[in-house]
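A.B. asks: heads up, no residue letters with this:
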């Protein structure tokens with residue numbers, strides 16, 4: 001891994017001064033990956049924001065009182081002009097990567113409409129996120145991204161264009177591609193494009209640049225090349241991800257596999273659609289390294305390296321999991337018949353619920369006493385066998401028991417689980433510490449419904465590689481037997497008010 005050396009410099013305040021709070025910010029792309037994160041950051045700053053969105057109903061649950069939503073498309077001149085009224089700073093965070101039509105022409109038209117409306121409305125600046133890369137052999141996608149920046153700046157509105165390489169963050173396109181390849185393929189035949197040099201940037205650092213651009217005083221339009229602290233290849237990213245997930249992967253470079261064939265291959269083994277994968281590969285076959293250090297001189301932002309960026313991406317996923325209400329996520333999908341659970345990204349979720357004729361507090365009582373002397377309500381001999389196997393393989397087994405027979409607190413051990421979150425009479429989340437090829441969580445939720453309640457039990461599994469998937473699907477019939485029996489016995493104990501030791 002090659003580290004790009006750069007000096008730590010403070011913001012050049014003699015050249016760029018803070019302008020203070022803006023009147024109104026227009027944000028496009030707020031339902032996208034970067035735009036959604038930026039929306040949260042701008043709201044945290046107390047900014048007045050107007051979002052232009054084709055589907056406002058997707059945004060309404062995510063916005064606060066400082067945000068208004070305008071329905072419209074960037075290809076609709078009237079909608080864009082109306083959205084620009086009273087705007088001081090306009091973010092342009094849209095592009096046509098996923099369209100099946102001529103994305104270059106669409107991008108040109110949308111940029112011209114946006115720039116023209118910004119000039120007519122007296123907008124003071126446009127902030128645009130483009131793609132990093134130099135040379136005459138840029139891909140069509142990168143050429144289009146940079147052309148959009150030039151079009152926006154041609155309308156006599158000061159434009160700050162950030163050119164970025166790979167973005168590392170939970171949910172980003174490049175990161176999800178790397179994750180899928182590493183977790184699903186123990187042996188990877190990698191084509192030449194995986195050896196191109198890039199300068200990945202963590203999503204947190206990218207958002208900080210976009211956030212700081214609001215108040216940066218500029219005289220003319222300017223292009224900033226931004227990247228993280230390391231220059232790496234996709235090979236390096238895959239090796240680092242595998243190291244942090246503690247899996248071994250054999251990477252074999254091959255001289256063939258065209259971008260077209262690579263995109264079809266990605267469509268089979270990753271969540272990417274083939275057309276999107278093709279445009280992504282067309283871009284990553286070019287070196288995308290920052291050669292201009294003005295961003296380091298003009299912003300007091302010091303981007304992190306690849307190791308920390310991946311660590312934070314995985315940690316953010318775990319925090320999001322700890323805060324997730326799987327009952328809400330599953331109900332939003334409607335009825336989804338499946339074998340082995342519903343897929344949420346790389347994770348497999350198996351969830352079931354039962355109604356009980358008692359209060360939420362009484363329904364939660366057997367849940368908070370689970371494990372230890374109480375046991376697991378169903379198939380305890382199977383749990384003991386699993387604990388014995390875990391000890392044979394060097395794990396903790398069931399010998400730890402639990403600290404208190406009636407109360408649990410976050411962080412304490414519970415047999416071969418660790419208590420990750422507790423909400424009294426509402427929720428218990430356990431993280432598995434037995435030896436398994438991946439990571440697993442077991443969650444219990446109680447939802448009151450008048451004088452009765454609903455108990456939901458959810459198993460979440462994050463498989464590590466092919467063996468992790470074999471482990472889950474191979475034992476799935478056993479898991480179904482145990483989890484169904486456990487939930488049934490918990491419901492019975494709740495209704496009978498019986499929460500004593502269970503020896504079955």
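C.D. replies: Great, that's in hand. This is a predicted model, so every value here is computed, not measured.

A.B. asks: residue 246 and residue 439: what is the separation?
C.D. replies: 10 Å (Cβ to Cβ, to the nearest Å). From N, CA and C alone the C-beta is placed, and that goes for glycine too.

A.B. asks: for the stretch 101-250 of the chain, what spans make up the strands?
C.D. replies: 125-131, 158-164, 167-168, 187-190, 201-202, 222-226, 230-231, 250-253 (DSSP state E, counting those that start in this stretch).

A.B. asks: by contact count, what packs against the first one?
C.D. replies: Where contact means 3 or more Cβ pairs under 8 Å, 6 or more residues apart in numbering; DSSP states H and E, strand 125-131 is packed against strand 89-92, helix 103-121, helix 140-153, strand 158-164, helix 203-212.

A.B. asks: pLDDT below threshold where in the stretch 101-250 of the chain?
C.D. replies: Low-confidence segments of the stretch 101-250 of the chain (pLDDT under 70): 101.

A.B. asks: quick one on the thing from earlier: is it possible to get JSON lines of the helices and strands packed on strand 125-131 that adds mean neighbour count and distance to residue 403?
C.D. replies: Shown next, in JSON lines, are the helices and strands packed on strand 125-131 (neighbours: other Cβ atoms under 10 Å; distance: least, Cβ to Cβ, whole Å):
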{"stretch": "strand 89-92", "mean neighbour count": "27", "distance to residue 403": "50"}
{"stretch": "helix 103-121", "mean neighbour count": "20", "distance to residue 403": "58"}
{"stretch": "helix 140-153", "mean neighbour count": "21", "distance to residue 403": "56"}
{"stretch": "strand 158-164", "mean neighbour count": "23", "distance to residue 403": "48"}
{"stretch": "helix 203-212", "mean neighbour count": "21", "distance to residue 403": "36"}
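
A.B. asks: now render the strands of the stretch 101-250 of the chain as CSV, adding distance to residue 317.
C.D. replies: Below are the strands of the stretch 101-250 of the chain laid out as CSV (distance: least, Cβ to Cβ, whole Å):
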stretch, distance to residue 317
strand 125-131, 23
strand 158-164, 21
strand 167-168, 12
strand 187-190, 22
strand 201-202, 14
strand 222-226, 24
strand 230-231, 21
strand 250-253, 24
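
A.B. asks: which among these is found nearest to residue 479?
C.D. replies: Among these, strand 187-190 comes nearest to residue 479, with 28.3 Å by Cβ to Cβ.

A.B. asks: tell me the helices and strands packed up against that closest one.
C.D. replies: helix 234-244, strand 250-253.

A.B. asks: pick the most deeply packed of those.
C.D. replies: Ranked by mean neighbour count, the helices and strands packed on strand 187-190 are led by helix 234-244 with a mean of 20 (mean count of other Cβ atoms under 10 Å).

A.B. asks: that one - contacts with which helices or strands?
C.D. replies: helix 173-184, strand 187-190, strand 250-253, helix 306-323.

A.B. asks: now do 10 Å
C.D. replies: strand 167-168, helix 173-184, strand 187-190, strand 230-231, strand 250-253, helix 306-323 (3 or more Cβ pairs under 10 Å, 6 or more residues apart in numbering; DSSP states H and E).

A.B. asks: now tabulate the helices and strands packed on strand 125-131 in TSV and tack on distance to residue 387.
C.D. replies: Shown next, in TSV, are the helices and strands packed on strand 125-131 (distance: least, Cβ to Cβ, whole Å):
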stretch	distance to residue 387
strand 89-92	54
helix 103-121	55
helix 140-153	52
strand 158-164	48
helix 203-212	40
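
A.B. asks: which one, of those, ends up nearest to residue 452?
C.D. replies: The nearest among those, by Cβ to Cβ, is helix 203-212 at 42.8 Å.

A.B. asks: circling back: for residue 456, which of the helices and strands packed on strand 187-190 is the nearest?
C.D. replies: Closest among the helices and strands packed on strand 187-190, once you apply Cβ to Cβ, is helix 234-244, at 31.2 Å.

A.B. asks: the closest one vs helix 173-184, what angle?
C.D. replies: Per axes from the mean of the first three to the mean of the last three Cα atoms, to 10 degrees, the angle that helix 234-244 makes with helix 173-184 is 60 degrees.

A.B. asks: may I see the buried residues of the longest helix seen in the chain?
C.D. replies: Counting residues, the longest helix found in the chain (DSSP state H) is helix 465-496. By neighbour count with 16 or more other Cβ atoms under 10 Å, helix 465-496 contains the buried residues 465, 468-469, 471-472, 476, 479, 482-483, 485-487, 489-491, 493-494.

A.B. asks: closest one to residue 145 among the strands of the stretch 101-250 of the chain?
C.D. replies: Using Cβ to Cβ, those put strand 125-131 closest to residue 145, at 3.8 Å.

A.B. asks: that closest one vs strand 222-226, what angle?
C.D. replies: 40 degrees.

A.B. asks: how far away from the center of its chain is strand 125-131?
C.D. replies: The chain centre lies 22 Å from the centre of strand 125-131; the measure is Cα atoms, centre = their mean, to the nearest Å.

A.B. asks: quick one: strands adjacent to it?
C.D. replies: strand 89-92 (parallel), strand 158-164 (parallel) (DSSP bridges).

A.B. asks: need the residues touching each of residue 246 and residue 439.
C.D. replies: residue 464 (Cβ atoms under 10 Å, 6 or more residues apart in numbering).

A.B. asks: looking at the two, which is more packed in?
C.D. replies: Each of residue 246 and residue 439 has its neighbours counted (other Cβ atoms under 10 Å); residue 439 has more, 18 against 8.

A.B. asks: in stretch 410-419, which residues are buried?
C.D. replies: Buried residues in stretch 410-419 (16+ other Cβ under 10 Å): 413-419.

A.B. asks: that stretch: end-to-end distance?
C.D. replies: 5 Å (Cα to Cα, to the nearest Å).

A.B. asks: now do that stretch: everything it contacts.
C.D. replies: 322, 370-372, 375-376, 383, 386-387, 390-391, 395-404, 408-409, 420-422, 428-436, 440-442.
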